[in-house]
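Student: I'd like to go over a predicted model; first the sequence, then the structure.
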Amino acid sequence: MSSSNEDFVFGRHAGIDFLKTQEAEKINKVFLAEGVQEDFAREVYRYAKKKRLIVQRVPKSKLDALVQGGNHQGLVLAVASFAYADFDQLLDQLDQQEEAPLLLLLDNIEDPHNLGSILRSADATGVSGVIIPKRRASGLTSVVAKTSTGAIDHVPVARVGNLVQTVQALKERGYWVFGTAMAGEDYRRWNANGKTVLVIGNEGKGISPLLLKQMDQTLTIPMIGHVQSLNASVATGVLLYQAFNSRHPL
């Protein structure tokens with residue numbers, strides 16, 4: 001199993017994307033199941049050869065054990081643990097860019113599948129970086145990598161100790177902070193131009209009360225059905241595309 005310095009990327013799309021885009025030093029081992037389709041096997045060998053990596057053919061049962069039953073689709077990469085961006089360095093880098101940054105701050109998202117899906121939407125909509133807490137939340141894991149289908153390699157993720165202090169620091173740097181709340185303004189009126197932070201709350205509890213007090217404005221997604229809440233990753237996708245639309249009008 002993985003050590004503190006090793007994790008796994010698995011699945012055909014995520015695995016191939018990692019082989020294509022990452023430096024060889026980040027990939028410790030390439031495991032390919034015996035009996036996979038020849039076209040897929042040739043693709044794995046082609047990218048592995050470019051990085052001078054050895055492909056180990058192993059029984060499917062070994063891959064099942066490595067990823068604890070995850071859907072590996074015949075490919076598992078043992079990789080160096082996922083690196084987090086430094087929060088202050090990330091902000092300094094964003095200050096050098098011409099376009100105003102759009103940051104996503106996640107308040108204790110616990111489900112790694114939700115985090116992976118959120119990273120996928122963040123990559124698609126041009127999010128500059130994602131901020132997560134160090135405690136009581138999902139970190140960057142192999143499940144997150146798999147669900148993100150490669151986005152984990154392209155969206156910087158910073159971990160911080162205190163979200164309230166982090167938001168205060170962002171405000172001092174000129175960011176406007178928007179959060180989700182049932183009594184908020186209709187998200188379709190949201191203009192996300194300028195230095196913007198979108199805060200997404202926990203799957204069940206929403207944004208914590210102390211953090212909610214730090215919002216410059218709250219947003220809500222109107223619903224006409226019987227269920228009055230959306231999955232956290234779905235809600236994030238809806239809001240991020242509103243931000244994208246306001247920043248990139250037709």
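Tutor: Nice, thanks for sending it over. Numbers count the residues shown, from 1 in each chain.
Student: use CA for all of it now, contacts and neighbours both
Tutor: Fine.
Student: Between the two ends of stretch 168-187, how far is it?
Tutor: 23 Å (C-alpha to C-alpha, to the nearest Å).
Student: which outside residues touch it?
Tutor: The contact list for stretch 168-187 (C-alpha atoms under 8 Å, 6 or more residues apart in numbering) reads 167, 194-201, 206-207, 212, 214-222, 239, 242.
Student: List only buried entries from those residues.
Tutor: 167, 195-201, 206-207, 212, 214-215, 217-221, 239, 242 (16 or more other C-alpha atoms under 10 Å).
Student: Inside strands: which ones of these?
Tutor: Cross-referencing the buried ones among the contacts of stretch 168-187 against strands under DSSP state E gives 196, 197, 198, 199, 200, 217, 218, 219, 220.
Student: what's the closest of the residues you listed to residue 145?
Tutor: residue 200 (19.8 Å; C-alpha to C-alpha).
Student: Where is the longest strand in the chain?
Tutor: strand 176-186.
Student: List the buried residues in that strand.
Tutor: 176, 177, 178, 179, 180, 181, 185.
Student: Return the two entries of those that lie farthest from one another.
Tutor: Applying C-alpha to C-alpha across the buried residues of strand 176-186, the maximum distance is between 176 and 181, 16.2 Å.
Student: ok, which stretches of this protein are helices?
Tutor: Secondary structure of the chain by DSSP state H: the helices cover 12-21, 38-50, 60-66, 87-95, 112-124, 142-148, 163-172, 209-212, 232-247.
Student: residue contacts, residue 47?
Tutor: 16, 19, 20 are the contacts of residue 47 under C-alpha under 8 Å, 6+ apart.
Student: how near is the second one to residue 56?
Tutor: By that I understand residue 19. According to C-alpha to C-alpha, residue 19 stands 14 Å off from residue 56.
Student: now do the first one
Tutor: When distance is defined by C-alpha to C-alpha, residue 16 is 15 Å away from residue 56.
Student: Which of the two has more residues huddled nearby?
Tutor: residue 16 (22 against 12; other C-alpha atoms under 10 Å).
Student: contacting residues around that one?
Tutor: Residues counted as contacts of residue 16 (C-alpha under 8 Å, 6+ apart) are 44, 47.
Student: Tell me the predicted confidence for it.
Tutor: Note on residue 16: pLDDT of 94.
Student: And the protein, split by domain according to the record?
Tutor: 6-80, 87-247 (automatic domain parsing).
Student: Name the nearest of the contacts of residue 47 relative to residue 143.
Tutor: residue 16 (15.6 Å).
Student: separation between that closest one and residue 123?
Tutor: For residue 16 relative to residue 123 (C-alpha to C-alpha), the value is 18 Å.
Student: try residue 53
Tutor: Distance from residue 53 to residue 123, by C-alpha to C-alpha: 28 Å.
Student: helices and strands of this structure: which one bottoms out on pLDDT?
Tutor: strand 6-10 (a mean of 83; mean pLDDT, DSSP states H and E).
Student: What helices and strands are in contact with that strand?
Tutor: Packing partners of strand 6-10 (3 or more C-alpha pairs under 8 Å, 6 or more residues apart in numbering; DSSP states H and E): strand 75-80, helix 142-148.
Student: ok, so what distance separates the residue nearest the centre of the chain from residue 80?
Tutor: Geometric centre of the chain, nearest residue: residue 119, 2.6 Å, by C-alpha atoms, centre = their mean. Distance, residue 119 to residue 80, by C-alpha to C-alpha: 19 Å.
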